[in-house]
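K.L.:
what's the 3D shape of this:
(2 chains)
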Amino acid sequence: MTPATKARRTALLSTRGLGVTFASRDGAAARAVDGVDLDVGSGEVVALVGESGSGKTTLARTLLGLERPSTGSVEFEGASLQTSTRGLRAYRRRVQLVLQDPTGALNPRQTVYESVAEGLRIHKLVEQAQRAGERVVETDLVSQALSRAGLRPPGGFFLTYPHELSGGQRQRVVIAGALALEPEVIIADEPVSSLDASIRGEILALLLRLRDDLGLTVLVVTHDLGLAWNIADRVAVMYLGRIVEVGTTEEVLLTPRHPYTRALLSVVPEVSQQEPIVLVGETPDPRRIPAGCRFHPRCPAYAGGEAEAAGVAEDCRTRDLPVLAATGDHRAACWLTMPTPKP
Amino acid sequence: MTPLLEMRDVHVTYATAAGPLPAVRGVNLSLEPGESLGVAGESGCGKSSLAATVLRLQPPNATVRGSVLVTGKDVQTVDWGQLRALRWGEAAMVFQGSLHSLNPVQRVGDQITEPIRLHDGSVSPARASERVGQLLEQVGLPAASARTYPHQLSGGQRQRVMIAMALACRPRLILADEPTTALDVMVQAQVLDVLTGLVRGLELGLLLISHDLSVLGTTCDRVLVMYGGRVVEQGAATAVFDHPQHPYTRALARAFPRVGDADARFSPAGLAGDPPDPRNLPSGCTFHPRCPRAIDVCSTHEPPVRWPEPDRPVECVRVEGAETAPGTAVAAGR
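P.N.:
The predicted model follows:
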């Protein structure tokens, strides 16, 4: 069974029509996430790829219940995310976050043991298990988590402090802290971008191993297409609050359809190296999302006359694209590639 | 012709409470106008220590041996007057982390003016601001951005300001230490385009430092790979990135996979262990404890230099090739 068909059967975490709007000082609303339908299947590794300002981090935070949706919903196991403190606490045990900078994520005055045990204590997991008649002690759970994160022998790390560890080991401690709660989903926001080249591969291999051994579902938020190629089953490309292309990793990265995806790929190392398409400017301000296709002011296909030749230039300028469906085959939100039902 | 930058057997050793720390151990290189040279390696391999010697910016506890020649002048021995003229005027540095390097409460135009006025006290304010406008346009920013403060600019725009500032006194050599590390791929491509455009357009020399071999492979003419303070492999940039020879270079190249490479799919490659502690370097080849191809001799004998192809010296006993430099260009330290 391919990952895509598996996802269709059981979406563990999904969004429908999700929008997150922030009020800004000048009164204009910033639509950081502007209509996203996304399914993350059980046991799947999905890469949410985008640049700064694409809304990928806001989307991840909303999936964790750290931001409230302005429109639409987040669903876990088919039920809407509970926004009560209690509901969120239970949810956050099952869906854990791993952040970019392990040095910032760890308390420098806490030992590795304390850092990993903290989540267990907050969620009272040891007491719960004991009440259920299981003979568990905290030390065992911490050991197990450290060991799963590749810090072996775990006992040797109990009393060390973050400053005594390398960058890669610190990121493993952060991952161990998440694993201690036996979550079903890990949302990793740029998990390797602050790490050295040599450590990068080891942390990515760890994420893959966790998926294979524990059946974890992983949503990795990144700007790194090489990372997506390394570990993801599916890729969703985000631009200015929307997913503009989604499909299996092979589909999106080997036969990209959206001009934005094509440009991103052209500036990273590829096997089929093409002429770099360096886009002008940066992602616009989400308070002023361009009319029509939100990418058209920077689109090389629009500027180069490809859209004009295909007779869709008017659409590019004036018609917003529909939100891409969460399920289905490789699809892109581009008038050039869409079978366009004229209104 | 005198190279823009030439290093001959450069060693950098820091005096620390725990004893001497050799960060750079015998590096030779040379860089011509219009050429870009990349230096690759992990944190702690000596890349930044090496770059600091070019402007004599090494900290006071560092001892530098060997010679560092910028347009033929030995940076480490020239007097203060000459050193001041050389900094900014002949060689300038683009640092990483533009947010920390720019003054947050001063308009960027004023910050670019500063080195101009330091070098030529007689320059009129009108002339200086005209020059600032030119510099900003040269790096792809509107001249009017001189009036903005750093926080009003994006990370990519700030990095362009850093490059404009480095160009202020018309240097011939630019040193860039991880200039794109915190930037998005597209912005990174834009900034690298600016740098390579300057190398070609103004015949500048560029020394580009990065831990990302793929960036160097696509941006530079030549690449040096450093490990444990030594250059373990060098050659034409595309050749080093596409066909790395040293086991360490191979690990670095595989860490940033090419999209579409079937070998990398679901098999992210890392390299176990940490770079060596310079105070306590492993015997023999300093890479042997982490090397997947190490054999007994690696831990007991220093590795030979071998040339698997002309102009491609590699310090590794497991690489097949001549043990003397084929041709004179290589023997001269290229």
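K.L.:
Make sure residue A:129 is indeed in a strand.
P.N.:
No: counting by DSSP: H, G, I helix; E, B strand; the rest coil, residue A:129 is located in no strand; its state is helix.
K.L.:
Hmm, residue A:137 and it touching each other?
P.N.:
No: between residue A:129 and residue A:137 no contact is recorded; they are 9.7 Å apart, counting by C-beta atoms under 8 Å. Where you see a C-beta, it was placed from the backbone N, CA and C, and this is true even at glycine.
K.L.:
Which one's more surrounded, those two?
P.N.:
The residue with more neighbours, out of residue A:129 and residue A:137, is residue A:129; 15 against 11, by other C-beta atoms under 10 Å in any protein chain shown.
K.L.:
how many other residues sit next to the spatially closest residue to that one that is not a sequence neighbour?
P.N.:
Nearest-residue entry for residue A:129: residue A:136, 4.7 Å, with adjacent residues in sequence omitted and distances by C-beta to C-beta, 6 or more residues apart in numbering or on different chains. Close neighbours of residue A:136, defined as other C-beta under 10 Å, add up to 16.
K.L.:
and residue A:136, how far is that from residue A:277?
P.N.:
Going from residue A:136 to residue A:277 by C-beta to C-beta, to the nearest Å gives 55 Å.
K.L.:
Likewise for residue B:134?
P.N.:
28 Å.
K.L.:
The two - which one has more neighbours?
P.N.:
Set residue B:134 next to residue A:277 and count neighbours by other C-beta under 10 Å: residue A:277 wins out with 18 against 12.
K.L.:
Quickly note the distance from the more buried one to chain B.
P.N.:
9 Å (C-beta to the nearest C-beta, to the nearest Å).
K.L.:
for residue A:335, same thing?
P.N.:
In terms of C-beta to the nearest C-beta, residue A:335 sits 22 Å off from chain B.
K.L.:
what sits against that residue?
P.N.:
Residue A:335 sits next to A:293, A:307, A:312, A:315-316, A:319, A:321 when contact means C-beta atoms under 8 Å, 6 or more residues apart in numbering or on different chains.
K.L.:
now the residue in the stretch 151-300 of chain B that chain A sits nearest to: how far from residue B:46?
P.N.:
At 3.0 Å from chain A, residue B:270 is the closest residue in the stretch 151-300 of chain B, using C-beta to the nearest C-beta. According to C-beta to C-beta, residue B:270 and residue B:46 sit 21 Å apart.
K.L.:
Same check on residue A:261?
P.N.:
From residue A:261 across to residue B:46, the span is 38 Å (C-beta to C-beta).
K.L.:
what about the residue in the stretch 1-150 of chain B that chain A sits nearest to, how many residues close to it?
P.N.:
As assessed by C-beta to the nearest C-beta, chain A sits closest to residue B:42 within the stretch 1-150 of chain B, at 4.6 Å. For residue B:42, the count of nearby residues is 21 (other C-beta under 10 Å).
K.L.:
ok, the nearest residue to it once chain neighbours are set aside - how many residues close by?
P.N.:
For residue B:42, ignoring the flanking residues on the chain, the nearest one in space by C-beta to C-beta, 6+ apart is residue A:196 at 4.6 Å. Using other C-beta under 10 Å, residue A:196 has 22 other residues around it.
K.L.:
wouldn't residue A:196 be in contact with residue B:211 here?
P.N.:
Yes: with contacts counted by C-beta under 8 Å, residue A:196 reaches residue B:211, the gap being 5.9 Å.
K.L.:
Show me the common contact partners of these two, please.
P.N.:
With C-beta under 8 Å, 6+ apart, residue A:196 and residue B:211 have common neighbours B:42-43.
K.L.:
for chain A, which helix is longest?
P.N.:
helix A:197-214 (DSSP state H).
K.L.:
Which is the succeeding secondary structure element to that one?
P.N.:
strand A:217-222 (DSSP states H and E).
K.L.:
Neighbouring strands - and their directions - for that following strand?
P.N.:
Counting by DSSP bridges, the strands paired with strand A:217-222 are strand A:45-49 (parallel), strand A:185-189 (parallel).
K.L.:
Tabulate those in TSV, adding columns for mean neighbour count and mean pLDDT.
P.N.:
Formatted as TSV, the strands paired with strand A:217-222 follow (neighbours: other C-beta atoms under 10 Å in any protein chain shown; pLDDT from 0 to 100):
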stretch	mean neighbour count	mean pLDDT
strand A:45-49	28	97
strand A:185-189	24	94
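K.L.:
Could you list the low-confidence segments of the chain?
P.N.:
Defaulting to chain A. Counting by pLDDT under 70, the ranges of chain A that qualify are A:1-9, A:339-343.
K.L.:
hm, I was asking about chain B
P.N.:
B:97-98, B:327-334.
K.L.:
how about the residues of it near chain A?
P.N.:
By C-beta under 8 Å from any C-beta of the partner chain, the part of chain B that sits against chain A consists of B:42-43, B:154-156, B:184-190, B:193, B:211-214, B:217-218, B:241, B:251-252, B:254-261, B:264-272, B:274.
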